[in-house]
Structures are given as C-alpha cells and as structure tokens.
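Asker: Kindly return the folded structure for what I paste below:
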Amino acid sequence: MAVKDANSLASSPAQGPEATQRLPGASRLLTMLQPLHKEPPPPEQPAMGFFTDTSVCIGCKACEVACRQWNQIMPPIQEWSGSSYDNTRHLGARTWRHVQFIEQIDRSPAIGDGHPAPDIPLFDSPDFEARIATAKENGQIPTTPPGTALPFFNDERWLMRSDVCKHCANAPCQEACPTGAIIRTEFDTVYVQQDICNGCGYCTLACPFGVIARDYDGGSHTAKKCTLCYDRLKDGMEPACAKSCPTDSILFGEVEVLKEKARQRLGILHERGVTEARLYGVDDKILDAGLNSFFLLLDEPETYNLPRNPQRPMNNVPPASLWSILATIALSLVGIFFFSKRD
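Answerer: Predicted structure coming up:
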C-alpha cells in the first residue's frame, strides 16, 4: 500500500473542526449538516395479497399445515362437529388458515333407534354404487362437468374454500384498535404487534368476517391472525400457504395483478358453462376500498359464510354520537326545567 510523504500531506486539504471553520459559509453549513443526512426511504411496495380460486381447491388442507408449521402455531383442541368432515371448523387465534367444507350431499337416514344419524355425508349408502354405475352407463360423468354439482348426484355438491384474513384495504380492526397495535406494513398487509396489543378485544368485534380472535388457549389473550407471512415477505419469499398449495388454488402476488387474473379466470369458467361462478372482494365497493385477499366462489357468498355487504362498525359512530349528544341536551333541558319549577 502506498504511503503519502510529508509534502503530499502538507498539500492536502486540512481535516477536522479547524478546517470546517476555514470553509466558506455555505460549505461550512453543508459539512455541519452531513451527520444529519439520512438515506432516502425505500421505494414504496405494491400492495400484496391472495387470490383464492375455490374451483380448483381439493380440500387437502396443505395450506393449514404449512401455516401452522411455519408460524409455529400449536393447534387448538379439535373435535368433530358431527355435521362435517371439517375438523378445524373456523378461523381463530390458533387457526390462521382454514379450509372450509360445504357439504351439500344427501344425508344418511335415521339410525336403528329412531334418532337421526350424524349429519355427515356417507358414501357407503346402499344405492351409492348403483348410482355411479348408472351414471357411467348414461355418460353422465364427463371429464369437465358443466357446473359445480357432481354430475351423478344431481344438485349435490361438496364445495371447498381456503379461508384467511382478508387484509382489508380499509381494515375495521385497525380502526377499532385503541393502542395502535394493528398497523399496515410496507406490503399493505394488516399486522398485529403482539408487544403492543393489550387484549381488549375491540378488533374481534369490529371484524365483519370473524377472522381475528384473542388467544385464550395460549394465555396471552392478545389478538392474533394471519400475518401474510411478513417475515417471509421481507426475504422475498411467498407465504407458506401459497407455496404449499398443490393446485395453485391460492395465488400470491401484487393485488392489481391478481385481480386481473381473477377476472380472466371468471371469464373462462363462464365460457365453460359454470355460470354460478362469481368474484368476491375484487370490487372496491366492499368496505369502501376492497379486500387484499379475495375469492372466486361457486355459489352465493352466504353459502361460504361470507357477508354479502360487510359493514364497518365505525360507520355507525357518527349517528350514535349524534344521538348521544341529543340525549344529553334533552336530559339537560329536563333537569333545568325540573329545578326551575322547584324554585
């Protein structure tokens, strides 16, 4: 490495505070402000989200398993409901992904003692094989059914949907949070900061989809829900559920790109005769700004336990406040009148 000699050192500009004092005014100010200079903020990220196509969901629950494994979520105590093969049943503080089963199939007859049998579909019914054989003979089992009903079961269906937090663009849970624990990340996802959440539960009441819940089983009592794998997003990885989906029913990406894919997929299904297919959450009218996690459904939203017109509780605050003010004024006038009469 070259070493500067005394002459080069003498000819180089002086360093340190003394040199700063000898600089012109503007240059001196810039030098003094140099330590305060901050790097520009990172470029703004596009909104990221999920598009779930229920028409290709096979109900394998791989997304549920991947979500639990990656986020190290202990499953709650699971019990059979007696009305479905679905053992997780709904989203919760310990179920951030839930594959919903909608079993619209003939139920079994009453059992021998006269009590109704469990309300679950039984494929070992006496006429099952006969119905299959007849359907095959009549050519009623095409490779691409014209609709969502099983072709040999008339109107009977078994629909499936992988449910998750909708990461609403205008999230009611965030509006209701009194501590600021619920924030929007740089990916426009809704995230609950566990160290700030006080477990009040206001967010659980505000969510119109019943997604967020308090963790009673874990003892923290804080609100928990899908984080959209924020730790994976920061490292440029897709969420665990989407990564594990074998049929690409769950697609992850930029929200606007996914919305265009959803519209294209809807058009394809309509061309194939699946006219009951529809989109849910793509329209920005839902919750005033739309959802960042939306669905292609094969029936009415209510069939999937989705509200057709979800409401933001904060919309009720102005009228409620107005009535409170009017009631206060009325009571005050009554009090003034009462005490004035006594005098």
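
Asker: Which stretches in the stretch 151-300 of the chain count as helices?
Answerer: Secondary structure of the stretch 151-300 of the chain (DSSP state H, counting those that start in this stretch): helices at 172-176, 202-206, 230-234, 240-244, 255-271.

Asker: Can you give the contact residues for the third one?
Answerer: When you say that, I think you mean helix 230-234. With contact meaning C-beta atoms under 8 Å, 6 or more residues apart in numbering, helix 230-234 is reached by 48, 70, 185, 187, 189, 191, 238, 239, 240. For the C-beta atoms, the positions are set from N, CA and C on the backbone; glycine is no exception.

Asker: Counting neighbours, which bits of that helix end up buried?
Answerer: Going by neighbour count (16 or more other C-beta atoms under 10 Å), the buried part of helix 230-234 is 232, 233.

Asker: For that helix, output the C-alpha coordinates as CSV.
Answerer: The C-alpha coordinates for helix 230-234 follow below in CSV (Å, rounded to 0.1, in the frame of the first residue of the first chain):
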residue,chain,number,x,y,z
TYR,A,230,-44.5,-10.9,6.9
ASP,A,231,-41.1,-12.4,7.8
ARG,A,232,-41.1,-14.4,4.5
LEU,A,233,-42.1,-11.3,2.5
LYS,A,234,-39.2,-9.3,3.9
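
Asker: on that earlier part again, need the helices of the stretch 151-300 of the chain in a markdown table (columns: mean pLDDT).
Answerer: Converted to a markdown table, the helices of the stretch 151-300 of the chain look like this (pLDDT from 0 to 100):
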| stretch | mean pLDDT |
| --- | --- |
| helix 172-176 | 93 |
| helix 202-206 | 93 |
| helix 230-234 | 96 |
| helix 240-244 | 97 |
| helix 255-271 | 96 |
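
Asker: Distance-wise, check residue 218 relative to residue 205.
Answerer: According to C-beta to C-beta, to the nearest Å, residue 218 and residue 205 sit 20 Å apart.

Asker: can you check residue 224 too?
Answerer: According to C-beta to C-beta, residue 224 stands 15 Å off from residue 205.
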